[in-house]
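Undergrad: Build me a structure from this.
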Amino acid sequence: QVQMVESGGGLVQAGGSLRLSCAVSARSPFSWYNMAWFRQGSGQGREFVSAITRSGASTDYADSVKGRFTVSRDDAKSMMYLQMNNLAPEDTAVYYCAPANFRAGTWYNSNDDVWGPGTQVTVSS
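TA: Now for the predicted structure:
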């Protein structure tokens, strides 16, 4: 299993920006993993936000965040990031990162459904 710790969340006004970080600890090299961000709003299910493939060769975004969020990774530091710009109240959620794979048209947690603690993002209107 892979251990993840998310950070960088906070309270921001609509239109503002935040940068989330994901620190990963794993027995295998971090560069071997596709990674993804997910989020879960209050009373809602967890949803896919963004993914980045091994070595950053390709990225993917949910339609709701395209053009506003940018995912990146630093394999030397075993870190993944999510730059979030032009935030809106509907982006309010707990954000999680996880190793991920793509199947049947969506990304899913490939870490035996183990999650980190997440980081809270709250966007006020």
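
Undergrad: which one is Asn101 nearest to, not counting chain neighbours?
TA: Ser110 (4.5 Å; CB to CB, 6 or more residues apart in numbering). Where you see a C-beta, it was placed from the backbone N, CA and C, and this is true even at glycine.

Undergrad: so what pLDDT did that neighbour get?
TA: On pLDDT, Ser110 comes in at 95.

Undergrad: For the longest strand seen in the chain, could you pull out the residues that count as buried?
TA: The residue-count maximum for a strand in the chain (DSSP state E) belongs to strand 93-103. Going by neighbour count (16 or more other CB atoms under 10 Å), the buried part of strand 93-103 is Ala93, Val94, Tyr95, Tyr96, Cys97, Ala98, Pro99, Ala100, Phe102.

Undergrad: export that strand as CSV, just CAs?
TA: Extracted as CSV, the C-alpha positions of strand 93-103 are listed here (Å, rounded to 0.1, in the frame of the first residue of the first chain):
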residue,chain,number,x,y,z
ALA,A,93,-14.9,19.8,-0.5
VAL,A,94,-12.3,17.6,1.1
TYR,A,95,-9.6,16.9,-1.4
TYR,A,96,-7.8,13.6,-1.5
CYS,A,97,-4.9,12.2,-3.6
ALA,A,98,-4.3,8.5,-4.4
PRO,A,99,-2.6,6.2,-6.9
ALA,A,100,-5.0,5.7,-9.7
ASN,A,101,-5.8,3.7,-12.8
PHE,A,102,-8.2,4.4,-15.6
ARG,A,103,-10.9,1.9,-16.5
